[in-house]
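Visitor: model the structure of this input:
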Amino acid sequence: MRSSARFLLAGGLLLALRSPPEVAARPLDQVVADGTLRVAVYGDNAPFSDTVNGKAHGIDSDLAQAIADVLKVKLDLRVVDAGENVDGDLRLNLWRGDLAGTPLADLMLHVPTDRQLALRNEQVFFTAPYFEQEIAFAYRKDALEGFARLDDIGDRSVALEGTGAADLMLLTAQGGRFRQNLKHYRSFEEAAKAYLAGEAPILAGTRAAIEAALFAAKAPQDDNPIATFPSTGLVKTRWEIGGAVRTDSRDLAYAVGDALTALNADGRLKMICAPYGVSYTPPKGY
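Guide: Presented below is the predicted three-dimensional model:
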């Protein structure tokens, strides 16, 4: 167990190690002067960001490069692990840093656009969103004639990641009616493999992840339609993702927002998603 004394000591060490000015996230003028934009993306977050053969790969990775190109700077991309919650990820990557004094990211991508998250993190400022995520279901047409409502699940099994948003939605929907239908896997990738192997007639996850999995497996979408539903109860079925910077770097957030608007207007955001089999869903207001 960690005693209070050890906790306070760790806090003291953290204050000592985070003080050098070179670890601070930077406003726009410093990014431009340095000629490099430091961007953090999540690992194990396909199709948005992952590491393939030692290199960053995915929509967010390509988007980071496109933003850097618009700002006319080089990209310093770092793939980071997801922590226990987004609040901790923002703290570690954007404003407090780690015990080793690793230079902070100037921008972090794939951050949920959420009012409560913003209120809890005064040290962070959020960019305009760039993508709308939603919970979705792929189903085998030979097993279901149609999927117009959750009731159509019936007694059929659903493959899904055990800690994902789709899991929470189905665990709480209709008083927990579908709990016995759920086949949990350690990751969405494992759930998708099980669905494609015929172990379950329904696959639940985000639309982007499902589209990417079907695309990679060359599974015909006519035989594997995708259904979506409005929010039920306390669980959101749709949410927007964007970026975040440190609160004293708001001019960088505005510049990134302008870049995202330009990338959407000329079709590049759609083009970035296409190689992964993902249909670009712009946030409301775009």
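Visitor: hey, where'd the helices end up in the stretch 151-286 of the chain?
Guide: Applying DSSP state H, counting those that start in this stretch to the stretch 151-286 of the chain gives helices spanning 165-172, 188-196, 207-216, 250-265, 268-273.
Visitor: between the third one and helix 165-172, how many degrees?
Guide: What it means is helix 207-216. Between the axes of helix 207-216 and helix 165-172, defined by axes from the mean of the first three to the mean of the last three C-alpha atoms, to 10 degrees, the angle is 120 degrees.
Visitor: so for helix 207-216, mean pLDDT?
Guide: Mean pLDDT, computed over helix 207-216, is 97.
Visitor: how about residues contacting it?
Guide: Here helix 207-216 makes contact (C-beta atoms under 8 Å, 6 or more residues apart in numbering) with 46-48, 59, 131, 133-138, 188-189, 192, 196, 203, 205, 219, 221, 224, 226, 228, 273, 276-279, 281. Quick note: C-beta positions are derived from backbone N, CA and C, even for glycine.
Visitor: before we move on, the earlier item: let me have the helices of the stretch 151-286 of the chain in a markdown table, adding distance to K55 as columns.
Guide: Formatted as a markdown table, the helices of the stretch 151-286 of the chain follow (distance: least, C-beta to C-beta, whole Å):
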| stretch | distance to K55 |
| --- | --- |
| helix 165-172 | 28 |
| helix 188-196 | 18 |
| helix 207-216 | 17 |
| helix 250-265 | 22 |
| helix 268-273 | 16 |
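Visitor: can I assume V70 sits in a strand?
Guide: No: per DSSP: H, G, I helix; E, B strand; the rest coil, V70 lies outside any strand segment and is helix.
Visitor: so what's it closest to, chain neighbours aside?
Guide: Nearest residue to V70, sequence neighbours excluded (C-beta to C-beta, 6 or more residues apart in numbering): A259, at 4.0 Å.
Visitor: check that neighbour and give its pLDDT.
Guide: Note on A259: pLDDT of 97.
Visitor: quick check: the residue most central in space within the chain vs C273, distance?
Guide: For the chain, H110 is the residue whose C-alpha lies nearest the centre (C-alpha atoms, centre = their mean; 4.1 Å). In this view, H110 and C273 are 14 Å apart by C-beta to C-beta, to the nearest Å.
Visitor: ok, L260 next?
Guide: Distance of L260 to C273, computed by C-beta to C-beta: 13 Å.
Visitor: neighbour count: those two, which is higher?
Guide: Shown here are L260 and C273; by other C-beta atoms under 10 Å, L260 has more neighbours (26 against 22).
Visitor: need the buried ones from the contacts of helix 207-216 selected in ChimeraX.
Guide: Typed into ChimeraX, the line below selects the buried ones among the contacts of helix 207-216, using 16 or more other C-beta atoms under 10 Å:
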select :46,47,48,59,131,133,134,135,136,137,138,188,189,192,196,203,205,219,224,226,273,276,277,278,281
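Visitor: so how far is K284 from Y276?
Guide: On the measure of C-beta to C-beta, Y276 and K284 end up 23 Å apart.
Visitor: good, we can wrap up now.
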